[in-house]
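Engineer: Give me coordinates for this.
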Amino acid sequence: MSFADQVQALRLRKLKVLSDHRKKVQKLERDLDTQLEMIDLVLTQVADASDKLPCLVRTTPGPELTIYHSDDAPCGRVYSRQNFAVMAEADAMDASPYAYLERCTACKWQEAAKVHGVRMMANK
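Structural biologist: Residues are numbered from 1 along each chain as shown. Model prediction:
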């Protein structure tokens, strides 16, 4: 084997080692991303079930209260936060003297749960 052939063989071995390493790192990164996404999904579900999820309940006069809104991801019906009290979802459910309040279907509750979950993790 000539000198040039030996150098070429070493160069090819080096490139193979680097390529194999990059493939392993990419697989590890994909696995990490998948695991983190699963944790985020479960965290969102846990936060969504939390009775501490912050909500907005209207405090101004108007029609009978039937719904409450998300504090972290409200819909377009929340024009001014000054017209709303922020409270935990468990309290919002019982905030109206007229009826049992329910979640607004236009608010982005999944997004709100994700924000609340991140906040819960930061506070622990």
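
Engineer: Who are the packing partners of the lengthiest helix in the chain?
Structural biologist: Taking DSSP state H as the criterion, the chain has its longest helix at helix 3-49. Secondary-structure packing of helix 3-49 (3 or more CB pairs under 8 Å, 6 or more residues apart in numbering; DSSP states H and E): helix 109-123. Every residue, glycine included, has its C-beta placed from N, CA and C.

Engineer: still on that earlier bit, pLDDT of the longest helix of the chain, averaged?
Structural biologist: The average pLDDT within helix 3-49 is 95.

Engineer: Centre of the chain to that helix, how far?
Structural biologist: Chain-centre distance of helix 3-49: 25 Å, with CA atoms, centre = their mean, to the nearest Å.

Engineer: what's the following helix or strand after that helix?
Structural biologist: strand 54-58 (DSSP states H and E).

Engineer: Quick check: Met121 touching Val42?
Structural biologist: No. Using CB atoms under 8 Å, Met121 is not in contact with Val42, being 11.5 Å away.

Engineer: residues near Arg22, how many?
Structural biologist: Counted with other CB atoms under 10 Å, the neighbours of Arg22 add up to 10.

Engineer: measure it to Asp31 for me?
Structural biologist: Per CB to CB, to the nearest Å, Arg22 is found 15 Å from Asp31.

Engineer: Kindly provide the distance from Met93 to Leu41.
Structural biologist: Counting by CB to CB, the gap from Met93 to Leu41 is 25 Å.

Engineer: And for Glu111?
Structural biologist: From Glu111 across to Leu41, the span is 13 Å (CB to CB).

Engineer: Tally up the residues packed near Thr44, please.
Structural biologist: Residues contacting Thr44 under the criterion other CB under 10 Å number 20.
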